[in-house]
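Enquirer: Only the shape, not the letters, is given here:
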């Protein structure tokens, strides 16, 4: 799953080093089971009355859900999350190996490859731009030159190719929401460069003014919320400064250096305005110089904001500065993998079962295999594909068509799912739902020692019927603890916006996101297969399948009865 911190933003781009490819285990053909034991045998004159009842009550949802097994999940995950796949970095060798493995499995299962005009009908290729920071970046303030990766660093797909003189506009905390706007007094900031404080205002009790129940808001938790707002306002760049005395910029810069040096990626054909403003991070010493202020003056300003409970005009007159931070770019291709199962009487309606198969590659020589994130979701999709194709082979195929969609570039900003929804193979108006699975193989700290659970996010946002289907299927089959806490609009983690379902939700397609929560190995080299809890993973995968089975076979398409996105 896409990480929200700056560390993860930087982890999201990287170059995988070479490794000897490991051969996937021999692929097995789909074995079509004999008719279910509960189904009536061929009737005779003597047996027909007695055998009719079992046939009428056969539970085929359970029959095919039980084909999703721990053994099969482990078999696929052991391959995809092995060192040979080099952490499946977007556009790199391991990601392409994973795409080939998934495409071959879809073909083996008998799914159709729906991508026309591709060299492989299971692959939806698209072009990206990979960019890295060039050597020689400098920042000059008041005649003093500051060093790259010591006094400042940056993130983003653009930059300043030539030394450029600018005068930043002080934008306070860079926040805008109902009842609080740092932008209201600034006027038009299109094309301008902003200077923004890291963090958020506090109330009289010393807790986040804009948070819920004393918790921090998205503005204090994630600098990218501020960067996104600045981008919406048309800003060219944002200089972030953290004046928190407990922060250690030098230590942070040293820690970030290997990640900042890794590539970032963006769409080749990105329209103007789609690329975020460049984010610069400067040390407190540089920040004071840029503001033309002292530490007491900044403290006085932040205290006045806290006391007023609203934005206060800053007394600062930012200094003129010059900055050079060029980027080197190269084009590359990556791909989503699609498998299509045609439905019966309602085949024009499409259900999407999605997961991302990319991860973050090799960092500092360590392979980040992403067994949970999101190898677990990827193999869940593979197993659901097998269950549905078995059903169809036995004459019980779904009424609606099913698109099994595994996407790339999620760790870079939900790029693969964005590309699909912007270039859909099947019309979005015919797409009734997306069930997205991202991290379903572990247990988070809040659920240690407790029973089976899964977080479900977004099921209540666009369709009350989808939410009810999920509740009903869980009650009937899996009886898991469904944790909906992250549906809270004030959730500072913003998980609803951080996986591939969101690109469907943006188009008013109902979604449900299945998730086990984060753990100590999240986006770390320890996210390995041997830490996956396969019994829990099997149960979560079956819940997704039961929900999908109902949605694929119900008489009426679920309604969209909310405007939430």
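Expert: That came through fine. Computed from a predicted model, the values in this text were never measured in an experiment.
Enquirer: Contact partners for residue 286?
Expert: Applying C-beta atoms under 8 Å, 6 or more residues apart in numbering to residue 286 gives the contacts 139, 141, 146, 151, 152, 241. Bear in mind the C-beta positions are built from the backbone N, C-alpha and C, glycine included.
Enquirer: at 6 Å instead, please
Expert: Going by C-beta atoms under 6 Å, 6 or more residues apart in numbering, residue 286 touches 146, 151.
Enquirer: what do you get for residue 500?
Expert: Listed by C-beta under 6 Å, 6+ apart, the contact set of residue 500 reads 354, 356, 407, 410, 414, 417, 436.
Enquirer: Residue 86 contacts residue 97, doesn't it?
Expert: No. Counting by C-beta atoms under 6 Å, residue 86 does not reach residue 97; the two are 8.0 Å apart.
Enquirer: So for these two, which sits in the more crowded spot?
Expert: residue 86 (24 against 20; other C-beta atoms under 10 Å).
Enquirer: Can you tell me how far the spatially closest residue to that one that is not a sequence neighbour is from residue 505?
Expert: Excluding its sequence neighbours, the residue lying closest to residue 86 (C-beta to C-beta, 6 or more residues apart in numbering) is residue 94, at 3.4 Å. Separation of residue 94 from residue 505 (C-beta to C-beta, to the nearest Å): 29 Å.
Enquirer: more crowded one of those two?
Expert: residue 94 (27 against 21).
Enquirer: what packs against the host helix or strand of that one?
Expert: Residue 94 is part of helix 93-109 when elements are defined by DSSP states H and E. Under the contact criterion of 3 or more C-beta pairs under 6 Å, 6 or more residues apart in numbering; DSSP states H and E, helix 93-109 touches strand 327-341, helix 377-393.
Enquirer: okay, these, which one's buried deepest?
Expert: helix 377-393 (a mean of 25; mean count of other C-beta atoms under 10 Å).
Enquirer: for it, packing partners?
Expert: Counting by 3+ C-beta pairs under 6 Å, 6+ apart, helix 377-393 packs on helix 60-65, helix 70-80, helix 93-109, strand 346-356, strand 400-407, helix 534-553.
Enquirer: Give me the nearest residue to residue 225, chain neighbours excluded.
Expert: Distance criterion C-beta to C-beta, 6+ apart; nearest residue to residue 225, sequence neighbours excluded, is residue 218 at 4.6 Å.
Enquirer: What separation do you get for that neighbour and residue 156?
Expert: 19 Å.
Enquirer: repeat for residue 561
Expert: 39 Å.
Enquirer: Please apply the same query to residue 57.
Expert: Counting by C-beta to C-beta - residue 57 and residue 156 are separated by 59 Å.
Enquirer: what about those two, which has more around it?
Expert: residue 156 (22 against 8).
Enquirer: Return the residues in contact with the more buried one.
Expert: Counted by C-beta under 6 Å, 6+ apart, residue 156 has contacts 278, 279.
Enquirer: Roughly how far does it sit from residue 279?
Expert: If you go by C-beta to C-beta, the gap between residue 156 and residue 279 works out to 6 Å.
Enquirer: that older thread, nearest to residue 464, of the helices and strands packed on helix 377-393?
Expert: helix 534-553 (13.9 Å; C-beta to C-beta).
Enquirer: buried set for that closest one?
Expert: Buried residues in helix 534-553, counted by 16 or more other C-beta atoms under 10 Å: 534, 536-553.
Enquirer: and it, how far from the chain's centre?
Expert: 20 Å (C-alpha atoms, centre = their mean, to the nearest Å).
Enquirer: same question for it, mean pLDDT?
Expert: Per-residue pLDDT over helix 534-553 has a mean of 98.
Enquirer: tell me the angle it makes with helix 70-80.
Expert: Counting by axes from the mean of the first three to the mean of the last three C-alpha atoms, to 10 degrees, helix 534-553 lies at 100 degrees to helix 70-80.
Enquirer: Got the confidence number for residue 26?
Expert: Here, the pLDDT recorded for residue 26 equals 39.
Enquirer: Any regions of the stretch 1-150 of the chain where pLDDT drops low?
Expert: Within the stretch 1-150 of the chain, the ranges that satisfy pLDDT under 70 run 3-56.
Enquirer: still on that earlier bit, list the contacts for the residue nearest to residue 86?
Expert: 16, 85, 86, 87, 88.
Enquirer: Next up, the contacts around the most centrally placed residue in the chain.
Expert: Closest to where the C-alpha atoms of the chain average out (C-alpha atoms, centre = their mean) is residue 499, at 2.7 Å. Listed by C-beta under 6 Å, 6+ apart, the contact set of residue 499 reads 1, 436, 438, 513.
Enquirer: same thing with residue 337?
Expert: 99, 102, 103, 122, 406.
Enquirer: What is the burial count for residue 166?
Expert: 16.
Enquirer: Can you pull the phi and psi angles for it?
Expert: Main-chain dihedrals, residue 166, degrees, to the nearest 10: phi -140, psi 160.
Enquirer: Thanks a lot, see you next time.
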